[in-house]
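# below: sequence and its predicted model.
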Amino acid sequence: MALLQIAEPGMSTAPHQHRLAVGIDLGTTNSLVATVRSGIPEVLSDEDGRQLLPSVVRYLANGNANIGHKAQAHQTTDPKNTVVSVKRFMGRGLKDIAHAENLPYDFVDGDREGGHGMVQIRTVAGIKSPVETSAQILATLRQRAEDSLGDELVGAVITVPAYFDDAQRQATKDAAQLAGINVLRLLSEPTAAAIAYGLDHAKEGVYAVYDLGGGTFDISILKLSKGVFEVLSTGGDSALGGDDFDHRLFCWIMEQAKLAPLSHQDTATLMVKARQAKEQLSTNDETTIEAILKSGELVQVTITAHTFAEITRHLVGKTMNAIRKAMRDADVSVEDVDGVVMVGGATRMPHVRRAVSEFFHTIPHANIDPDKVVALGAAIQANLLAGNRAEGDDWLLLDVTPLSLGIETMGGLVEKIIPRNSTIPCARAQEFTTFKDGQTALAVHVVQGERELVSDCRSLARFELRGIPPMAAGAARIRVTYQVDADGLLSVAARETRSGVEASITVKPSYGLGDDEVARMLQDSYSSAQGDMQMRALREEQVEAERILLATQSALESDADLLGVAEQAALAGLVQGVRDAVQGSNDTSIEPGVRQDALHAAVQALAKGTEEFAARRMDKSVRKALAGKSLDEV
Ligand code: ADP
Ligand code: MG
């Protein structure tokens, strides 16, 4: 299966030699690195035996940084310089970040200060981009791997959420490059989890991956057929995770202990206690929270697992709603699901497992540590990609495009080239032509979204194809190719096939769409489908009207003498009729369908009125071609 033959330039391909490759789970809350040793995947620990590296970087005044546990310890005392959950900022602009005003950071709007649109954070050690911060986490993991494996890495498979768009994936790759890591492949997190459970060798069918991490919830519906995983749909909530359970418990403690609003420091202390209590309740029936406030006041509250489940039930309910939506999107029902995989530390909570189990009428796969399963799956994949595969081990992994990729055509319409949910990698081409006689350049506008009009979609990139030899309108053949690689990055190329002129672009949008935004764009497309179709028909009619007006005008310029005065006047009347109808067609107070009908009638009248003229022009050009030629030459 050719798609897995990813040979990176500079990578030696010597067979039969074990090559060190790792899988990295670059998480919002925690990151991990894993590898396959003697055929068994394992998570690598730091020198203190800890496997989870908190995804936290604290910048220091001397320009250095602390990474992981050491940084996390200062989260509450030095919040401005301690970057947590940087994954949320990857490939995002300031305006993409929800509730940025509630975060402790001094954000720099990347659109203004040369950050290619990505938000940045001003710290004591200077302005830091999310890519740099992520690179520091990755470099720490790389060091850990090289120390414990005693050799240099060939490369790594890094996991990303299935819904990550182009900008977020590119930012992740950039971070890896900065950390000196050769990315063998980006892999979607649910697919990695499914691999860790060996589902790729299981029976063909549909699998659901339920991932409740620290601050995010993701649900993915995967389909396995012939050893190939395909992501049928993704969904979730980018602002729902274990942290919300901590917060709910914190509020409950406040109520129980009848506490007045707390200082920042006391809040932070109590939040840490709440988190510890939550984690204990996953294995104990009861726990006691004890904290001493700055004032010296002792807080002491006992909570049972039952009560904790009750007070956080609505949070679990939210995840169930997201599951229903993702199942609808994938067009599968509970009976179609052959297995469920639990991912993320927060799925250790028994009431979460119970709810998922009840929903799917099955016991979910949960015997691998839910916070390690993604890294383990990535390690298995990395091992294969590095060439350490055993006989019969070759399979493909497929992801899908979250939104359709299209091109702007005349009239501000979108022609979809790669439809939403296409499995990647993929390439599709479509032919276009010129609109005007002698047109030598063509603007290519790449857009993303489900709607029919460009103005309702998101613009990804623009470029021009120049140097098209002058030809009659419609004679040029321009082939536009869209290609999405295994990492989900898009390249677009346009080529005029007669002259061979070409132009291309790799789309690196300045910042990405959030999953909420993807959801909104999909929602919009469903609710506006009918109106969009009418607008599309109208726009097409407008384009046709412009085309026939141009053609008539150029015919009159060269051959008006073929028409009598009365005929010319009649034609002028029809031309005016089309012009008026074009103008009227922009009157938004009238239904698009009615406008289109009126325009269509005028265009048809002009088309009919020019039939005779066209016939005479044809005769004339035939006569001209024959003039002075003897019969046997013809
Ligand atoms: P992410 O994917 O966001 O990096 P993780 O998968 O590491 O996050 O999950 C982190 C979350 O899991 C935190 O909210 C943490 O409190 C929670 N968690 C870890 N262990 C337990 C446990 N035993 N019981 C309940 N929640 C837990
Ligand atoms: Mg995770």
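Everything's here; your move. Residues are numbered from 1 along each chain as shown. Ligands and ions are numbered 1, 2, ... in the order given.

# after the host helix or strand of residue 445 comes which helix or strand?
Residue 445 is part of strand 442-448, with elements assigned from DSSP states H and E. Stepping forward along the backbone from strand 442-448, the first helix or strand reached (DSSP H and E) is strand 458-465.

# show me what whichever helix or strand comes after that next one is packed up against.
Per DSSP H and E, strand 458-465 leads on to strand 478-484 as the next helix or strand towards the C-terminus. The contact analysis (3 or more CB pairs under 8 Å, 6 or more residues apart in numbering; DSSP states H and E) places strand 478-484 against strand 405-409, strand 413-418, strand 426-432, strand 442-448, strand 490-496. Bear in mind the C-beta positions are built from the backbone N, C-alpha and C, glycine included.

# lowest average pLDDT across the ones you listed?
Mean pLDDT is lowest for strand 426-432 among the helices and strands packed on strand 478-484, at a mean of 82.

# and for it, what's in contact with it?
For strand 426-432, contacts defined as CB atoms under 8 Å, 6 or more residues apart in numbering pick out 401, 407, 409, 415, 417-418, 422, 442, 477-484.

# try 7 Å this time
The contact list for strand 426-432, computed with CB atoms under 7 Å, 6 or more residues apart in numbering, reads 415, 417, 418, 477, 478, 479, 480, 481, 482, 483, 484.

# want to throw those residues into CSV with neighbour count?
What follows is the contacts of strand 426-432, written out as CSV (neighbours: other CB atoms under 10 Å):
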residue, neighbour count
415, 14
417, 20
418, 20
477, 15
478, 20
479, 14
480, 21
481, 16
482, 23
483, 18
484, 23
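
# need those in a markdown table (columns: distance to ligand 1).
Conversion of those to a markdown table gives the following (distance: CB to the nearest ligand atom, whole Å):
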| residue | distance to ligand 1 |
| --- | --- |
| 415 | 38 |
| 417 | 34 |
| 418 | 29 |
| 477 | 49 |
| 478 | 45 |
| 479 | 43 |
| 480 | 39 |
| 481 | 36 |
| 482 | 32 |
| 483 | 31 |
| 484 | 26 |
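
# quick check: the residue nearest to residue 47 when sequence neighbours are not counted vs ligand 1, distance?
Distances taken as CB to CB, 6 or more residues apart in numbering put residue 147 closest to residue 47, at 7.8 Å, once the chain neighbours are dropped. Per CB to the nearest ligand atom, to the nearest Å, residue 147 is found 22 Å from ligand 1.

# on the three-state scheme, residue 147 is what?
helix (DSSP: H, G, I helix; E, B strand; the rest coil).

# which residues in the stretch 451-600 of the chain form helices?
Remark: helices of the stretch 451-600 of the chain, listed N- to C-terminal, are 515-527, 529-559, 565-584, 592-609; assignment by DSSP state H, counting those that start in this stretch.

# any chance of those helices in TSV, plus mean pLDDT?
Formatted as TSV, the entries for those read as follows, by pLDDT from 0 to 100:
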stretch	mean pLDDT
helix 515-527	64
helix 529-559	82
helix 565-584	90
helix 592-609	88
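
# nearest to ligand 1, of the ones you listed?
The stretch from the helices of the stretch 451-600 of the chain with the least distance to ligand 1 (CB to the nearest ligand atom) is helix 515-527; that distance is 14.2 Å.

# residue nearest the centroid of this structure?
If you average the C-alpha coordinates of the chain and look for the closest C-alpha using CA atoms, centre = their mean, you land on residue 165, 2.0 Å from that point.

# for the helices and strands packed on strand 478-484, give me CSV that also has distance to residue 101.
Formatted as CSV, the entries for the helices and strands packed on strand 478-484 read as follows, by distance: least, CB to CB, whole Å:
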stretch, distance to residue 101
strand 405-409, 33
strand 413-418, 34
strand 426-432, 40
strand 442-448, 28
strand 490-496, 33
